[in-house]
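# Any chance you could fold what I've pasted below:
(2 chains)
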Amino acid sequence: MNTDKITKAVLQFSSLIILLVAGGMIFSLVEGAVPAFKEFGFKFIFSNNWNPTEGKENFGALPFIAGTLITSVTALLISLPLSFSASLFLSEYYRRTRMAKVLGMMVDLLAGIPSIVYGLWGFYVLRPVLIDLGLPNQGFGIFTASIILAIMIIPYATSLSNEIISMVPNELKEGAYSLGATKLEVITHVIVPSARSGIVAGYILSFGRAHGETMAVTMLIGNANIIPNGLFSTGNTMASVIANQFGEAEGLKLSSLIAIGLLLFLITGIINTIGKFIIKKMA
Amino acid sequence: MEAATNTMQTGKLKIRTLKNNIFKSTVIVFSVVTILPILLIIYELVSKGIKQISFDFILKTPPDTFEAMTALSNGELIPGGIANGIAGTLFMVIMASVIAIPVGVITGIFLYENQGKPLANLTRNVSDILQGVPSIVLGLIAYIWIVKPVTHGFSALAGSVSLSIMMLPMIVRSTEETLKMIPQTIKEAALALGVPYYKVILRVLVPTGFSGLLTGILLSISRILGETAPLMLTALGSSAINFNIAKPTSAVPLLIWEFYNDPNMVDLIWSSSLLLMAMVLSLNIISKRIVARTK
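Residues are numbered from 1 along each chain as shown, chains lettered A, B, ... in the order given. Take a look at the predicted model:
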């Protein structure tokens, strides 16, 4: 009888560890960010001036927030037709065939490639191609980083929408086919409407993933602390500026980087919560 | 009149089939484009990296920049290898696993046993949020928690802590999902025999779900093997093999980053990446095999 109580206590205790870790994370990030917010106030979020020169120090996160949003949106738009096609290939056109197995395996492999290897490939293989196509800034910038990011989120977007599309009841599809609908009409009139919110949630989650990718973006975005003025401009994301500037950071600069980490934590947290909420509502 | 509507209808049908076929071709073309990068990346790694792979590459530490430069100017392969990175990666991954696996599995069991209870729901949601936290933020956290107050400098311990926070939610999730698939009757049979609760967990739940648990753990390890960003903020890197938890330690991805930034060593990036990919992919394949066998 007593051992049962102990067992239950142990189980409960370990779940408290997770809550403690998460709570401690928020606490530590906020604590570390306090000096930056004290110095700059809310201007920290809205100022576009990032100047680490001693004496004239000023830190504003807007260039990185903007850079993160632009790269993630572009990456999402690039990956959308690709991952949606792949999920239709897997769950509709070639369901349970050998070809689908091979394609599914390849897409899974994409998820297994480390971020830094994507960065190398982007740097040594993709960038020269883009330079030949006439991209400015030696091929560095938002666009190059977005292409690599798009490839990196394809496996998540594909497997999420694949799962949702596979859940559409066969009766609905068969009903449409028996009325003489073509496959395309079944997809646009039956599958997409009934799986819409799930597919959207899948892309929201992938969007959140794109926000936090660090290494590949750092290697390709050009690392300029400015608000990007176009698709081919150089820039920096929140994750890449932390990776880039952390080495020499102390005092106010360190606090500002932690503050950016806090903002990144909050933004990805909100995006993921929205995505998960939609999926939960569907199920 | 009737003939006219007929031709009109066959005309419409033709357009519909045409649209259908165009869409199908687009899907196939885009799907092929989707898998193109993986083929290109693997081709790049193998074609540029294979010549450097040897026993020395696994067993020796990297040369200094000057040695590498001399070898390059003599047209030879760069001597040495990435033993410090391999040792550091194994060391930190094992330490991270030791921290994350017990907590993760036990929490997963807690969630399974308390479906619908408020504390379990809260834990599940928090763990989901943790899973979405960017790895670089976990690096910042380990820096604040370990590097500054505990080891007073970059250390293997800090690296392991950041990696273990990354593993934790994945293990929690996979444990709960695995246990949900075990028939309730097996557990009830054990309870009906008057078996103590901890024995039900250790002798019934864990063994029955063992392959599922193992798969989740292996997948989470394969996720953290290639992590670079959090380690840059915590373990930093070291040119020698290090097994001291309070000292800076190298890892394969950290070495790739160093080679990438050193023009004399840059030839080593491909072979190191190839080795890293091989480690990640073999873990992936092993875990897939386990899933396939239990199904």
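# Nearest spatial neighbour of A:I221, chain-adjacent residues omitted?
Of all residues not flanking A:I221 in the chain, A:A145 sits nearest, at 4.2 Å (C-beta to C-beta, 6 or more residues apart in numbering or on different chains). Glycine gets a C-beta too; all of them are placed from N, C-alpha and C.
# helices or strands next to the helix or strand harbouring that neighbour in the packing?
Under the criterion of DSSP states H and E, A:A145 resides in helix A:142-166. If contacts are counted by 3 or more C-beta pairs under 8 Å, 6 or more residues apart in numbering or on different chains; DSSP states H and E, helix A:142-166 sits against helix A:62-88, helix A:98-112, helix A:115-121, helix A:127-132, helix A:192-212, helix A:215-220, helix B:2-49.
# Please identify which of those is closest to B:L138.
Closest approach to B:L138 among the helices and strands packed on helix A:142-166 (C-beta to C-beta): helix A:192-212, 9.7 Å.
# quick one: the closest one to helix A:142-166, angle?
Note on geometry: by axes from the mean of the first three to the mean of the last three C-alpha atoms, to 10 degrees, helix A:192-212 and helix A:142-166 are set 140 degrees apart in direction.
# Output helix A:192-212 in PDB with nothing but the alpha carbons.
What follows is helix A:192-212, C-alpha atoms only, in PDB (Å, rounded to 0.1, in the frame of the first residue of the first chain):
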ATOM      1  CA  VAL A 192      -9.100  20.300 -48.900                       C
ATOM      2  CA  PRO A 193     -12.400  21.600 -47.400                       C
ATOM      3  CA  SER A 194     -12.600  18.800 -44.800                       C
ATOM      4  CA  ALA A 195      -9.000  18.900 -43.900                       C
ATOM      5  CA  ARG A 196      -8.500  22.600 -44.200                       C
ATOM      6  CA  SER A 197      -8.000  23.600 -40.600                       C
ATOM      7  CA  GLY A 198      -5.600  20.700 -40.000                       C
ATOM      8  CA  ILE A 199      -3.500  21.600 -43.000                       C
ATOM      9  CA  VAL A 200      -3.400  25.200 -41.900                       C
ATOM     10  CA  ALA A 201      -2.300  24.100 -38.400                       C
ATOM     11  CA  GLY A 202       0.400  22.000 -39.900                       C
ATOM     12  CA  TYR A 203       1.800  25.000 -41.800                       C
ATOM     13  CA  ILE A 204       1.500  27.200 -38.700                       C
ATOM     14  CA  LEU A 205       3.700  24.700 -36.800                       C
ATOM     15  CA  SER A 206       6.200  24.600 -39.600                       C
ATOM     16  CA  PHE A 207       6.200  28.400 -39.600                       C
ATOM     17  CA  GLY A 208       7.100  28.300 -35.900                       C
ATOM     18  CA  ARG A 209       9.900  25.900 -36.600                       C
ATOM     19  CA  ALA A 210      11.300  28.100 -39.200                       C
ATOM     20  CA  HIS A 211      11.600  30.900 -36.600                       C
ATOM     21  CA  GLY A 212      14.100  29.100 -34.500                       C
END
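# Is chain B within reach of it?
Yes: against chain B, helix A:192-212 shows contacts by C-beta under 8 Å from any C-beta of the partner chain at A:205, A:208-209, A:211-212.
# ok, the closest residue to A:P128 other than its chain neighbours - contacts?
Nearest non-adjacent residue to A:P128, counting by C-beta to C-beta, 6+ apart: A:G139, 7.1 Å away. Residues near A:G139 by C-beta atoms under 8 Å, 6 or more residues apart in numbering or on different chains: A:126-128, A:130-131.
# Tell me which helix or strand residue 277 sits in.
The chain I'm using is chain A. Using DSSP H and E, A:F277 falls within helix A:251-282.
# Chain B was what I was after
When elements are assigned from DSSP H and E, B:M277 belongs to helix B:268-294.
# by how many degrees do that helix and helix B:2-49 diverge?
Orientation check (the same axes, to 10 degrees): helix B:268-294 against helix B:2-49 gives 120 degrees.
# tell me what helix B:268-294 is packed against?
Here helix B:268-294 touches helix A:98-112, helix A:115-121, helix B:2-49, helix B:55-59, helix B:83-113, helix B:210-225, helix B:252-261, going by 3+ C-beta pairs under 8 Å, 6+ apart.
# just the angle between the fifth one and helix B:268-294, please?
It stands for helix B:83-113. Following the same axes, to 10 degrees, one obtains 30 degrees for the angle between helix B:83-113 and helix B:268-294.
# Distance from the chain centre to helix B:83-113, please.
Counting by C-alpha atoms, centre = their mean, to the nearest Å, helix B:83-113 is centred 12 Å from the centre of its parent chain.
# Quickly check: it near chain A or not.
Yes: applying C-beta under 8 Å from any C-beta, one finds helix B:83-113 touching chain A at B:102-103, B:106-107, B:109-111, B:113.
# What residue, apart from its backbone neighbours, is nearest residue 146 spatially?
Answering for chain A, as no chain was given. Nearest to A:S146 is A:T74, by C-beta to C-beta, 6+ apart, at 3.7 Å.
# Please refer instead to chain B.
Counting by C-beta to C-beta, 6+ apart, the residue nearest B:I146 is B:A158, at 3.8 Å.
# ok, B:E67 - contacts?
B:78-80.
# any idea whether it is helix, strand or coil?
At B:E67 the chain is in helix, as set by DSSP: H, G, I helix; E, B strand; the rest coil.
# Next one, pLDDT for it please.
What the model reports as pLDDT for B:E67 is 87.
# One more: the one 4 residues further on?
Among the per-residue scores, B:A71 shows a pLDDT of 89.
# burial count for whatever residue of the stretch 1-150 of chain B ends up closest to chain A?
The nearest approach of the stretch 1-150 of chain B to chain A comes at B:P134, 2.4 Å away (C-beta to the nearest C-beta). Counted with other C-beta atoms under 10 Å in any protein chain shown, the neighbours of B:P134 add up to 24.
# Please consider this matter closed, and thank you.
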